[in-house]
Structures are given as C-alpha cells and as structure tokens.
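In: Okay, here's the prediction I keep looking at, along with the sequence it came from:
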Amino acid sequence: MPGKVAEKKAAAPTLAGITVQRRLSQLPRQSIIAGFRDEDQDLGNMPDLLDEGLRAVRPDDQLKLTDAELNEEHTRILTARNPNAAENIVRFSYKERTFKPIPQVDQLAVHFQLDGNLIHRDSEEGKRQLIRDAGEHAAEEAEAPVAVVQEIAKEGDDDDEDKVKKPATTGGKGKKLTNQFNFSERASQTYNNPCRDRETFVEQTPRVVFSDNVSQWSIFDAYNEDFDQQQKAKEKEHKKIGAKKDDERKKKFVVTEQSGDDMAKLARSKSASISLKILERMINQNTFDDIAQDFKYWEDAADEYREQEGSLLPLWVFQYELAKKLACTNLAWNTFYTDLFAVSFGSYDFLKQSRGMFLIYSLKNPSFPENIFFADTGVMCLDFHPNHPNLLCSGFYDGSVAVYNIAEENKRPKYQSTARNGKHTDPVWQVRWQKDDLDGNLNFYSISSDGRIVCWTLVKSDLMYSDVVQLKLEKPATESDEGVSLTTLGCGTCFDFNKQQDYLFIVGTEEGKIHKCSKSYNNQYLDTFYAHNMAVYAVRWNTFHSKIFISCSADWTVKVWDINFKDPLFVYDLGSAVGDAAWAPYSSTVFAACTADGKVFVFDLNVNKYEPLAEQIIVQKKRTKLTHIAFNQHFPIILAGDDRGNITSVKLSPNLRKKPKAKKGQEVADGSEFEIAKLDKILALIRDPDDAKTKPTQGQQSTTAAANTNSGDPEQELTRILTTENPHGSKNLVMFSNRDKQFVPLGNLEQLIIHYSYEGNLIPIDSEEAKIYLQNEKNHKNRILPTALLDTYKTKEKTSIEIKTSNENVEPVHQIGEEDEQQTVTSEITEQSEFNELIDDSKTILKVDNLLSIEKPKKLLNRFNFCEQGIQTYTSTKKEVITQTDPIIRQKFVGLANQRIIYQEYMIDYEKQQKNKDKGKQKVSYGSNKSVVEKQLVKTDRLKPETIVKRHQVQILKGIERVLNQNRYQELIYSTA
Amino acid sequence: MTSQNEVDDMIKRIQASKGVQGLIIIDSDGIPIRTSMDNDTTLHYAALISQLTIHAKRVVRELDSSQELEQLRLRSHKHEIIVAPESKYIMIVVQVPEAL
C-alpha cells in the first residue's frame, strides 16, 4: 500500500507538468492570465479565482446534485447487443407460404469509422517507402525535427526535452516514415475549370390529352386486326418467294398505295363503296318512301267491289341517262336475288343501230343501276342462269353471243363467240340457258334471224357451238317452180323450251309461223302452226301446264295454244302490235302482254275469257312503245320496258292475283297440280267438240258460274248474335306493371264502340237563350220540344218553370245548409225541397208540386240541370275531412339541362297557359247564341279523325308505327345482293 | 377494287339525290375528308356525329359482341341524318326526306 501511495505522489508532479505545458501553448491568447497561473499551481483552487469571468458558468436549470449523488456510481454494462436493431423482422418464405421471423439480427453498430493510412513498416509498401524517403528527404527530415526541438526547448523544462529529443534521434537514424501529424503536404493549385451554363431552346414536345373507354370487344377487335395484318404479312412473304411477276406487280401496287391523299385511300377501300351504296339506298328509301310503302302494302281497295277488274299501280320508273335513246330489248329477273333484274338495251330499228348496253338494277335503288355493261353493238337479249345467279348470257345485234360474270369487277365478257366459232350472221333474238349437259358443262341456246338455233357449251375457256336446227322457209304452194329452187332460210325470232320435256321446244318465226321442234331432230319440225300473219315476237310455255303456250305477234294478236291442236284456244286482239306476252308465275291462267301503244294487259282466263282484267297505259309519254314485260317470281309486280330506255314497274292489284275460291268441303289445293287442273277445266269448256256455236254461251255460263262462286255460297247461313263485346277490341292486351314487375293482362278492356255520338245542347237556365226559350214555352204551351225526352213529361212543363224560380232561391240557402253536415248526395233531392221549405213558406204549394214531380224529373230544357244543382249543394257542406295520404316521395332528380330543354319547357308551359286563357274566353262567351253553335261545331270536330291525329302523343305513336313499317320493308335494303 | 372514279361518281350521285342537303365523309378521328357543306357546319357535324357513332358502336357491341353497327339514322323534325360507319371512315348524309 505505501508503495502505491508513493507512486501516486510521483505521478502528480508529472501530471502537473503536462498541464502547465498545455497551458503554455495557449499563451499567446491569454497572456495576462497566464502570468497569474504560472504561479498558481493548484488546480483544485480554480473556483476560488478572483476573476469572475473565469468562473464556470452554471446554467439556471442545471440540476443541483448533492455530493452523494455526484459520487454515485453508475454502472454501464457493455453488451454485444444492438439496442436499435429490430427484433421482429419477418420475411416471406415461399416454401412454407408464411412469413417467418429472421432469428439473426445484425448487432453491429458502427458509430464512427475512419480508415487510417498507416502502413506496416515490414510490409512491402512500407519498405519501398522507406527506401525512397531515405534518399530524398533525409536532410530535410533531419533539419525539421531539430527546429521543432529548438522551439520547444526554449519554452519547456527538462522533462519536456527528453520527449522532444526522441523524434530527433529517430530522425537522425533516417528511418523516417511519413507522419501525418508532423508532415506538411505539398500541393500545387491548378486553375479551376470555370463553370459555364449553356442553354438552348427546343420546341416543346406536344402534349395531347387522350381518353378512351376500353371494353372487351375493342381489345378483341384490335387483336383481330393485328392478327389479320400478321397473316397478310406472312402471305406477302410467301408470295415473295413465288413468281417474280408477282413481285413487280406488288411493287406497282405499293407505289399506287403510297401516292394519293385520304380521298384516294377512301376510294380504294372496298368497304367504302359498299357503305356508299348503302347510303344511296337509304337516301332512295327516303325519297321513294311512298312508293316503297305502296310496293309493300298497297292493295287496291276498289277490288273488293268489282269482280272482274283489276288495276295496275305504277311504282318505280328505272331510268338511266345513257340508255335514254335505246330501246329495252329484254328483261330478266335474277333467279336468286328477287330484287335484282337485268335489262338489255339496243335498237330494233335497222337504220338506227348504234351501241348497246345492259344494266343490272335492284329494286332497292331505283335511281341508278347496280352494274353497267357497255357493248359496241346493240344487246338484243339476255338470260340469267337459273343455278348460277352471277352468270348471264347475252346475244348481240351483230350475231355474237357472250357470257358475263356480273359479279366480276372487270366488265368484259367471260366467253364470247367470234366469227371463227359459229357466230350468227344476223341479230340474236333470244338466248336461253339450258340444263347442264351430260358432261356437266354449262350450255345455252340462241336463236337468230339467220335461221340457226345454236347450242353453245362452255368448255373450260372455250365456247363450243353446235347447230341444233336450221330453219327453212317452206316454199309457198301457190308459187310455181321457176328455175333453180333456192332453199331460203327461215328467220327465227323467239323460242321457248318446254318445262317438262326439255328436248321439246317451240320456235316463232318472222313470217308468223310457230314450229314445234326437238333437240334431237335437226332440220325437221315436229309440227308447224300457221299462227300469225306477221312476225311472232314471243312464244312462252305456260308456267304449270306443259301443253299450253302463248304467242304474241306484230299482227296485234295474242294467242293461246295447245301443242296438240292446230287451232288456237284463245285469240285476243289488243289493237296494237304486241311486244311481249308472259305467263304469271303464280297462276296457270294469268298472263300479261304489252303493246306498242304503251298499254299493259293482264288476263285471267279463270275469271274472264274474253276481256282483260286490266288494261292500262303505263308509259309517261305518248308514242312510247312497250317492248317487253316480265313477272317477278316473288312479288306481285311486273316490269315493262319501253323503247325510250325506261323500265316501269307496276304492282298488280289483288284481283289480278286472286286465287279462285274453293268450294265448300273442298280443300284449297295448292301447287302446280291444282293450277294445271284449273287450266284444264277451262280448256275442257273450250275444247268441247260439240261445235263453235255453243262456245260463247258456255263461256258466259262459266263466267257467271265463276261470279257465283266468287260472291260466296248463297246457301251458307249467317247468324249474327249481338253481344256487348267489341269484336275489334283485342283481347290479349297486357300492360307492364311497375309494381309487380311483370306484364299484367288488362282486365277491363274498352268494349264501347261509338257508332254515333251526339253532343247535347245544354243551356244554362239563366242564359239569354234559355230565357227566350222559356218565354216561348209560356206562350205556346203545347209545342212539342225538340228533345224527345220531353214528350213524356210534357204535362209537367208548368211546374218546371216554377221550379226554376225555386232554384234561384236555393242559392242563398247554401249557407244555412252548412249546418246539416250529415246530408249525402243520395238525399240531395229531398234536401233541396227542405231548403225551399225553410226559405219561403208561401211557396209550399209549389213545393208540393215539386215533390210530386220529383219521381219524374223536373224537366225544363233538360233533366240534367237538376243534378247539377244537387252537386252544388253538396259542395256547400263544409266537412272537414282529413285523409291520410302517403307521404310524397321525394326523389332526387338528376337531369341534364341545356338551353334547348329549358326553352322547350317554357314553350310547353306557355302553351298551357295560352290554352287556359282560351278556355276561359270560351267559358265567358258560353251563353251567347253564336257561341253555342260554334261550340257544337268544335265538339263534333273532336270526333273527326283529323282532330285526333293532331294530338301529340298519337302523332308520336304513329311515327313509331311508320318507322316499324319502314323497317319491315327494310329487308329489301339489307338482304345483301 | 373499285376505281376512284366510280366512288366519285357515287358521291356525286348521292349529292344530286332528291332532298340531300349535304354529304360529309370523315375519317376515324373525326377529321373531314370530303364535304359538300360549309366549313362550320361540316366541323359541327363531324365532331358531334363521330362521338355519337362511337357511342352507338359501343352500344351495339355491348349488347351483342358479335354485332356490328351498320347504319345510324337520326330522324329529326326537319331532316334525317344518315350515318354509315365503317372501319376507317364515317359517311354522313343530311337529307330532307319529304323534299319534293
């Protein structure tokens, strides 16, 4: 222990020495104080210093601790735990799919870190530095420590000297390491690179706000589009590998695609032309709306009242500017698209031959043809293939025939006959597709005035021909043989193939004969009819009956033939050259014909064998000749073409397409068998071998019989039962009930039908009119009043006048009547009399009268007047009635309002106000004479349909109905051709 | 592929049709490509109709995703606006239907 104490004592002076030294270093700053301190060795006496400024400043809020507290020892245990580290760190374990706490938390806390630059002297680097420094800085290093030593030596005492000398000795050894404390680094300052700001202006990148809604389908569409493009790109690549030609063409295509503006792009897109087409049709639908409605819905109401007459309603007229001077030479409905038809244009005038064309029209667009095909010569005939609606064969004036594919864009014929392969030498008058031959090749026949009937077969890319019949002119028997007999050629003008026996056909010729031919016998007629005196313009087999055909000619006649009889069955003279005749597709007995004086005739042999049912001029200008006619297969319309390039469509009235009524017990047979039977029945009457004399009478009988059947069976008894039920009222009306959320049938339908209604002529009893009237009554008591009701009560006239006075008295009584709150409406009549009693005793007698007449209404001008009064008394009772009503549902209403809506609201309100005003005016002038008359007029007006139509809602409903109707017609427009 | 002439003809024909007040063709962004009406009206129609068409398209598609809007006819008191939308262009025709 004593040793320890001694050590302490020894240590104390050294400690003091150090402090002195430290203080000395501060000398320059506190030189004055330093003088004091040098003597004052005791540090513990510091608070006793006289100088106030040197005392430690104690802040006011410092805790004052007692000595014990000051001396208290606080133990701090250093642990390796980092108190700041979180202990509950978890991490998601994908393996176990849960959050797992991490057990090891980093406990290392770095409070301060400094990387030193000391190097171990034995290390490679250290050695190298030592070697280098030893040479260069030896002298310097030696001097510097010496200088330091000297400086310190001056100030310090002996103890210090030892310390300072140490470095001096080490320096002397030359093993000097660079020392960070004692080493001044030398550095050279370089210029700083000056900072410069450089600014340039760029154009602001344009910003666009883009908003869109995305739905599944839009995404789907986008994907599809992309997919298509990818597919296309692939195809292109494939093509590239392909032929070089293709490549070139593609290049061209690309070039054209790049050039041109938006408009050109639009023009090139195919869908654009389709939409434009639809647009055009829509516009036409609007402009020709009335015609379209007629086409669909119009039925001539007059037909119901006439038995044997019909009418034709002109519908659209198809015109095309370039076809104006050409004559329609043929009409053909498409076999598949019922609204599509083709018209060929050429000229029948030998001297005025020019170009020709054929047009494809659709009923959907009457203003412009769907397709236009031009030809250098007149197109004389055409025919749609029955199974391939896009194939159309045509014959030309120069004798060639051609086949077109109308669906193709390039308007060149697919096949065409040339002079080398069997072209006709004269105009081709008719062409007709036939069934495919045994090899399945398409083929058609043509007839020309060069006398040949040729069968054309489409074999791959060639048009093969074979002559079927060579028409020859029979030598007239009257002419004697002179010289060499020339076989003159016959001139065929028309032909038609039998529908059942397809080898059989008939040929009409220019000289008026009709030949019955067969495909299998060349140059030989099976039969010849001397049918007409002039050229036969058309021959047609009946649609149903395989033995009957019709022919028409320039000799003004139309004839109906049986193939087995030489004589015609019917002959009709139409008063002008008959351009065409055609059987109806819906009936075996109906046919139509058109003449050169612009008339269309429609016959129904079943109804009238002698007169046409309809005979109508349908051309717009005089001297226009009708050249061709064609029935539509589906719609009851006929097309008629004239020689000025117009095609007129007409609708057949119901009488022209009426089916004969079936007799009682007989089922209404349908189909071709029935039609054949119908025609046969008529023919049987004609063919009756008796003789010609009986014919007309028979005919008349048959017509009358027909009329009888038409007018209904007389034996049938009709019973009529009168019910209160309205037969026109629909019985299954439903109305959507918002409460039940379902459709509820309407129970009480309105069964009231007003066949006649009459507005009463009530006049208020106080009015001038009434007074005058009453006056008259007084004067002429026995006069019979116009109202029938008065008859029974005539005797009561007098009392009724008196009542009038009593009525006047009633008015003041109303107030008194208030007391009586129990009175009911039913008792009002007696009530009234009581009032009278109350008021005026002098009138009790009158009142008795009054009571007597109560049972029979007290009639003055009318009995209703009385009731009105009763209502007045009723209203006079002031009864407080409190009814609980449902609270008015308050709903938030959100609506868009703009100026227009507000304006409309104002307008409606204003109109209402105006109306109210008008009503008020009417009421004011109600009593006057004139207004009564006027009012009656107004009231009766209300029942007129026109007035009803004016009502707003009805109008809207009608509008909707119209749109619906139009939409029903829409099928025409939307069924894509 | 239809030639430009043909489309031009068709457009002329439509413009010449009875009661047609004007025809506007706009592209899918509502920018008029071709018009027969004055500038203001055209812009007005183009802006409004293109919006309406998009909405109408959406309606049709939302109701039945296999459907496609074909035609839009707006019958108003004075005239009818017929809109034929297709993938890239919208054609608008303003017609007075009862015009004689």
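Out: Noted; the coordinates are in hand. Residues are numbered from 1 along each chain as shown, chains lettered A, B, ... in the order given.

In: Run through the chain and note the low-pLDDT ranges.
Out: No chain specified, so I'll use chain A. Residue ranges of chain A with pLDDT under 70: A:1-56, A:136-185, A:241-269, A:473-488, A:660-671, A:687-741, A:744-763, A:777-897, A:921-955, A:967-977.

In: look at chain B instead
Out: Ranges of chain B meeting pLDDT under 70: B:1-3, B:98-100.

In: For it, list the residues in contact with chain A, please.
Out: B:1-4, B:6-8, B:10-11, B:13-14, B:17-20, B:25, B:27, B:33-34, B:58, B:61-62, B:65, B:70-71, B:73, B:75, B:80, B:82, B:84-89, B:91, B:93, B:95, B:97, B:99 (CB under 8 Å from any CB of the partner chain). For the C-beta atoms, the positions are set from N, CA and C on the backbone; glycine is no exception.

In: Produce a ChimeraX select command limited to the buried residues of these.
Out: Selecting only the buried entries of the residues of chain B next to chain A in ChimeraX, with 16 or more other CB atoms under 10 Å in any protein chain shown as the criterion:
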select /B:2,7,10,11,13,14,17,19,20,25,27,33,34,61,71,73,80,82,84,85,86,89,91,93,95,97
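
In: Please list the members of the residues of chain B next to chain A that lie in strands.
Out: Among the residues of chain B next to chain A, the members found in strands (DSSP state E) are B:20, B:25, B:27, B:33-34, B:73, B:75, B:80, B:82, B:84-85, B:89, B:91, B:93, B:95.

In: Distance-wise, check the residue nearest to A:Ala80 when sequence neighbours are not counted relative to A:Pro101.
Out: Nearest residue to A:Ala80 in three dimensions, chain neighbours excluded: A:Gln107, at 5.9 Å (CB to CB, 6 or more residues apart in numbering or on different chains). Distance check for A:Gln107 against A:Pro101: by CB to CB, to the nearest Å, it reads 16 Å.

In: A:Lys499 is in contact with A:Lys435, correct?
Out: No - at 11.2 Å, A:Lys435 does not count as touching A:Lys499 under the criterion of CB atoms under 8 Å.

In: between those two, which one's more packed in?
Out: Taking A:Lys435 and A:Lys499 together and counting by other CB atoms under 10 Å in any protein chain shown, A:Lys499 has the greater number of neighbours (14 against 11).

In: List the residues that contact the closest residue to A:Gln353 other than its chain neighbours.
Out: With sequence-adjacent residues excluded and distances taken as CB to CB, 6+ apart, A:Gln353 is closest to A:Ser347, at 5.6 Å. Residues near A:Ser347 by CB atoms under 8 Å, 6 or more residues apart in numbering or on different chains: A:326-327, A:353-354, A:356, A:378, A:397.

In: same question, A:Lys625
Out: By CB under 8 Å, 6+ apart, the contact set of A:Lys625 is A:327, A:577, A:579, A:595-598, A:642-643.

In: Which of the residues you listed sits closest to chain B?
Out: The nearest member of the contacts of A:Lys625 to chain B, counting by CB to the nearest CB, is A:Asp642 at 23.0 Å.

In: who touches the closest one in this structure?
Out: For A:Asp642, the contacting residues are A:327-328, A:598, A:619, A:624-627, A:648, by CB under 8 Å, 6+ apart.

In: Just give the number of residues close to the nearest residue to A:Gly378 once chain neighbours are set aside.
Out: Nearest residue to A:Gly378, sequence neighbours excluded (CB to CB, 6+ apart): A:Gly346, at 2.5 Å. Counted with other CB under 10 Å, the neighbours of A:Gly346 add up to 26.

In: Might you report the residue contacts of A:Gly346?
Out: Contacts here follow CB under 8 Å, 6+ apart; on that basis A:Gly346 touches A:326-327, A:329, A:353, A:356, A:377-380, A:396-397.

In: Give the bridge partners for it, please.
Out: Taking DSSP bridges, one obtains A:Ala327 as the residues bridged to A:Gly346.

In: One more: the one 10 residues further on?
Out: Per DSSP bridges, residues listed as beta-bridge partners of A:Gly356: A:Ala375.

In: Just to check, it is in contact with A:Tyr348?
Out: No - under the criterion of CB under 8 Å, A:Gly356 makes no contact with A:Tyr348, lying 11.4 Å away.

In: tell me, what's touching these two both at once?
Out: Counting by CB under 8 Å, 6+ apart, the contacts common to A:Gly356 and A:Tyr348 are A:Thr329.

In: which one of the two has more residues nearby?
Out: Taking neighbours as other CB under 10 Å, A:Gly356 and A:Tyr348 compare with A:Gly356 leading, 25 against 18.

In: Quick check: A:Asn286 is in a helix.
Out: Yes - the assignment for A:Asn286 by DSSP: H, G, I helix; E, B strand; the rest coil puts it in a helix.

In: how about the nearest residue to it, chain neighbours excluded?
Out: Residue nearest to A:Asn286 in three dimensions, not counting chain neighbours: B:Pro97, with 4.0 Å by CB to CB, 6+ apart.

In: For my notes, confirm A:Gly920 occurs in a strand.
Out: No - when three-state DSSP is applied, A:Gly920 is found to be helix, with no strand at that position.

In: and it, how far is that from A:Gln913?
Out: A:Gly920 is 11 Å from A:Gln913, where distance means CB to CB.

In: Between those two, which contacts overlap?
Out: Common neighbours of A:Gly920 and A:Gln913 (CB under 8 Å, 6+ apart) do not exist.

In: now A:Leu458: how far from chain B?
Out: Separation of A:Leu458 from chain B (CB to the nearest CB, to the nearest Å): 27 Å.

In: For that residue, give me its contacts.
Out: Counting by CB under 8 Å, 6+ apart, A:Leu458 has contacts A:403, A:415, A:441-443, A:464.

In: could I get those residues as TSV with neighbour count and secondary structure?
Out: Formatted as TSV, the contacts of A:Leu458 follow (neighbours: other CB atoms under 10 Å in any protein chain shown; DSSP: H, G, I helix; E, B strand; the rest coil):
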residue	neighbour count	secondary structure
A:Val403	21	strand
A:Tyr415	21	strand
A:Asn441	12	coil
A:Leu442	20	strand
A:Asn443	20	strand
A:Met464	16	strand
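
In: quick one: what helix or strand has the residue nearest to A:Phe396 when sequence neighbours are not counted in it?
Out: Ranked by CB to CB, 6+ apart and with sequence neighbours excluded, the top spatial neighbour of A:Phe396 is A:Thr377, at 4.9 Å. Element membership for A:Thr377, per DSSP states H and E: none, as it lies in no helix or strand.

In: A:Thr377 contacts A:Phe358, correct?
Out: No - the pair A:Thr377 / A:Phe358 is not scored as a contact, 11.9 Å apart, by CB under 8 Å.

In: Quick check: the residue of the stretch 51-200 of chain A nearest chain B.
Out: Closest point on the stretch 51-200 of chain A to chain B, by CB to the nearest CB, is A:Thr200, at 33.4 Å.

In: burial measure for that residue, as a count.
Out: 4.

In: Help me confirm that it is found in a strand?
Out: No - counting by three-state DSSP, one finds A:Thr200 to be coil, located in no strand.

In: What distance do you get for the closest residue to A:Thr98 other than its chain neighbours to A:Ile102?
Out: Leaving aside its chain neighbours, A:Thr98 sits nearest to A:Phe92 (7.5 Å; criterion: CB to CB, 6+ apart). Going from A:Phe92 to A:Ile102 by CB to CB gives 11 Å.

In: Over to A:Tyr305?
Out: A:Tyr305 sits 105 Å away from A:Ile102, going by CB to CB.

In: Those two - which one has more neighbours?
Out: The residue with more neighbours, out of A:Tyr305 and A:Ile102, is A:Ile102; 12 against 7, by other CB under 10 Å.

In: Leaving out sequence neighbours, find the closest residue to the more buried one.
Out: Nearest one to A:Ile102, counting by CB to CB, 6+ apart, is A:Ile89 at 4.8 Å.

In: tally of neighbours for that neighbour?
Out: 14.

In: and it, what is it in contact with?
Out: Neighbours of A:Ile89 in contact, by CB under 8 Å, 6+ apart: A:101-102, A:105.
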